[in-house]
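*Asks:* got a structure for you, letters missing:
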DNA sequence: ACGCCCGCATGACAGATGTCATGCCGCCGT
DNA sequence: ACGGCGGCATGACATCTGTCATGCGGGCGT
């Protein structure tokens, strides 16, 4: 019996997935989390209850902590735990980060449901499960060209934030903000901050 | 036995929901669609197969046609069909549009799974199912203040499109684009196009 | 020690964005 | 007929964004 933890913020989806997986004779959902920062506590609780989790299924976009950060924490604390990342968007940067975080599988929600149970069984057999096209895209994409600070500033530009606002928020001068954004624009090969942000998000660089 | 159609572009989620609903003794998923423009044909096929759909569950954000437009078409063609809109974001403008399109229920995926089956049974009993908080927000929000053309131009500004690009795309002069965007910015009470776009999207106005 | 990279900053300037005033046309309701 | 609204446009101008040059300090690897 493979014991699973399921982390997904949308309750309806989480429960539907739990039901689907619960129908498999060799799978059992023993823990659930609706936020990224509930993953570690849930793993702890399952351990304490005598039903240690074998495989954690983590959505990426969750409140409290994103699934990849949660994977890092979980992997550090429970080295034997297998991690399957589940995501809406197969962004290459996410794939890269997920692998670095110790994930054994990376699945997009566009895949057929049968692939989920299959992936779980394969990671239990110490396999890696990644879509070959996505892996190729991630490798072709090269590394995220943005420095840490550039990412901060680009992320802060979302929603129409002015340079003055970004500067105040990140304790920088406006000129520095303009320089960082200009660097982001050039590194991403785009024409303005909005386009740079759109592309960086699509690539999973932020 | 209530016969259902399920329209949701993410295969894994759709199948999980179909499994969940299929476990209810009085519900049966007789049709599925992965794109908005497959909804009508799927309804047609179910009708032809002698298993006419009673309730259509439509996700909003789907390729080919959004769920609300699909609802409009389905409602026009099958007046007796009940429509339940399922969405990730409870945007007031979406709620308003869904109701206008003939939907009988509007559910967010954050809701517990039990609410889905419950909503299906209630709309079969000719009830309306809407979260009271969401309804209040939609009523408090007032109407979408943007004209059709303003919405076109604001939507076209996404992703960093320049005024010249928007103008070329919508067959306008750049000055007209600037005027329309300025109007959007003022009507939304924001400071620039990016913020106007962010807010209009959050409200379900686009 | 030196070179590179990152973070941060100033300053000058070109171009894009946003505001405002104004005006024409067509449609619709009164 | 008239007024209001939406769509479209021109023109002037203020402000914001983006580019470039330059420079300082600190950390790291060779």
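*Replies:* Received it, and whenever you're ready, just let me know what you need. What you see is a predicted model; the values in this text were computed from it and never measured. Numbers count the residues shown, from 1 in each chain, chains lettered A, B, ... in the order given.
*Asks:* quick one: the residue nearest the centre of chain A and residue B:147, what's the gap?
*Replies:* What sits nearest the mean C-alpha location of chain A, by CA atoms, centre = their mean, is residue A:60, with 3.3 Å. To residue B:147, residue A:60 is 37 Å away according to CB to CB, to the nearest Å. From N, CA and C alone the C-beta is placed, and that goes for glycine too.
*Asks:* Nearest spatial neighbour of the residue nearest to the centre of chain A, chain-adjacent residues omitted?
*Replies:* Spatial nearest neighbour of residue A:60, chain neighbours left out: residue A:67 (4.1 Å); criterion: CB to CB, 6 or more residues apart in numbering or on different chains.
*Asks:* What is the neighbour count of the spatially closest residue to residue A:141 that is not a sequence neighbour?
*Replies:* Leaving aside its sequence neighbours, residue A:141 sits nearest to residue A:92 (CB to CB, 6+ apart; 4.5 Å). Neighbours of residue A:92 under the rule other CB atoms under 10 Å in any protein chain shown: 21.
*Asks:* List the contacts of residue A:92.
*Replies:* By CB atoms under 8 Å, 6 or more residues apart in numbering or on different chains, the contact set of residue A:92 is A:134, A:137-138, A:141, A:203-204.
*Asks:* how close does the residue nearest to residue A:202 when sequence neighbours are not counted sit to residue A:108?
*Replies:* Spatially, and ignoring its direct neighbours in sequence, residue A:202 is nearest to residue A:91 (6.4 Å; CB to CB, 6+ apart). Using CB to CB, residue A:91 is found at 10 Å from residue A:108.
*Asks:* Likewise for residue A:71?
*Replies:* Separation of residue A:71 from residue A:108 (CB to CB): 16 Å.
*Asks:* same thing with residue A:158?
*Replies:* For residue A:158, the distance to residue A:108 - CB to CB - is 24 Å.
*Asks:* more neighbours, those two?
*Replies:* Applying other CB under 10 Å to residue A:158 and residue A:108 shows that residue A:108 carries more neighbours, namely 20 against 17.
*Asks:* That one touches residue A:90, doesn't it?
*Replies:* Yes: assessed by CB atoms under 8 Å, residue A:108 is found in contact with residue A:90 at 4.5 Å.
*Asks:* which residues do these two both contact?
*Replies:* A:131, A:134.
*Asks:* need the residues of chain A near DNA strand C, please.
*Replies:* Within chain A, the positions lying close to DNA strand C (CB under 7 Å from any atom of the strand) are A:147-150, A:171-173, A:175-176, A:178-179, A:192.
*Asks:* Counting only helices, which of those make the cut?
*Replies:* Secondary structure from DSSP state H places A:148-150, A:175-176, A:178-179 of these in helices.
*Asks:* between those, which is nearest DNA strand C?
*Replies:* residue A:175 (2.4 Å; CB to the nearest atom of the strand).
*Asks:* pLDDT score for the closest one?
*Replies:* Note on residue A:175: pLDDT of 95.
*Asks:* thinking again about what came up before, from DNA strand D, how far off is the residue nearest to the centre of chain A?
*Replies:* According to CB to the nearest atom of the strand, to the nearest Å, residue A:60 and DNA strand D sit 27 Å apart.
*Asks:* which one of the ones in helices among the residues of chain A next to DNA strand C sits closest to residue B:117?
*Replies:* Looking at those and their distance to residue B:117, the nearest is residue A:148, at 47.0 Å (CB to CB).
*Asks:* what's the burial count for the closest residue to residue A:192 other than its chain neighbours?
*Replies:* Leaving out its chain neighbours, the residue that sits closest to residue A:192 by CB to CB, 6+ apart is residue B:160, at 4.7 Å. Counted with other CB under 10 Å, residues neighbouring residue B:160 total 19.
*Asks:* go on, residue A:127?
*Replies:* Count around residue A:127 with other CB under 10 Å applied: 12.
*Asks:* wait, it sits on residue A:104?
*Replies:* Yes: if you go by CB under 8 Å, residue A:127 and residue A:104 touch, sitting 7.5 Å apart.
*Asks:* And the residues of chain A next to DNA strand C, which of them are buried?
*Replies:* A:150, A:172, A:176, A:178, A:192 (16 or more other CB atoms under 10 Å in any protein chain shown).
*Asks:* could you list every residue that touches the third one?
*Replies:* Which is residue A:176. Contacts for residue A:176 (CB under 8 Å, 6+ apart) come out as residue A:167.
*Asks:* That one and chain B: what is the separation?
*Replies:* 20 Å (CB to the nearest CB, to the nearest Å).
*Asks:* Next, residue A:83: phi, psi?
*Replies:* When read as degrees, to the nearest 10, the backbone of residue A:83 gives phi -130, psi 130.
*Asks:* So stretch A:107-119, near chain B or not?
*Replies:* Yes: with CB under 8 Å from any CB of the partner chain as the criterion, chain B is reached by stretch A:107-119 at A:107, A:109-113, A:115-116.
*Asks:* now, the most widely separated pair of the buried ones among the residues of chain A next to DNA strand C?
*Replies:* Top of the distance list for these (CB to CB): A:172 and A:192, 19.4 Å.
*Asks:* Please, where are all the strands along chain A?
*Replies:* A:2-7, A:27-33, A:55-59, A:82-87, A:105-108, A:129-130 (DSSP state E).
*Asks:* Format those as CSV; extra columns: mean pLDDT.
*Replies:* What follows is the strands of chain A, written out as CSV (pLDDT from 0 to 100):
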stretch, mean pLDDT
strand A:2-7, 98
strand A:27-33, 97
strand A:55-59, 97
strand A:82-87, 96
strand A:105-108, 94
strand A:129-130, 93
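*Asks:* residues in contact with residue A:21?
*Replies:* Taking CB under 8 Å, 6+ apart, we find residue A:21 in contact with A:4, A:6, A:27, A:29, A:116-117, A:120.
*Asks:* Only the buried subset of those, as a PyMOL command please.
*Replies:* Command for PyMOL that selects the buried part of the contacts of residue A:21, burial taken from 16+ other CB under 10 Å:
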select buried, chain A and resi 4+6+27+29+116+117+120
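*Asks:* nearest to DNA strand C, of the contacts of residue A:21?
*Replies:* Nearest to DNA strand C among the contacts of residue A:21: residue A:6, at 35.4 Å, using CB to the nearest atom of the strand.
*Asks:* Does that closest one touch residue A:33 like I think?
*Replies:* Yes: counting by CB under 8 Å, residue A:33 is a contact partner of residue A:6 at 7.4 Å.
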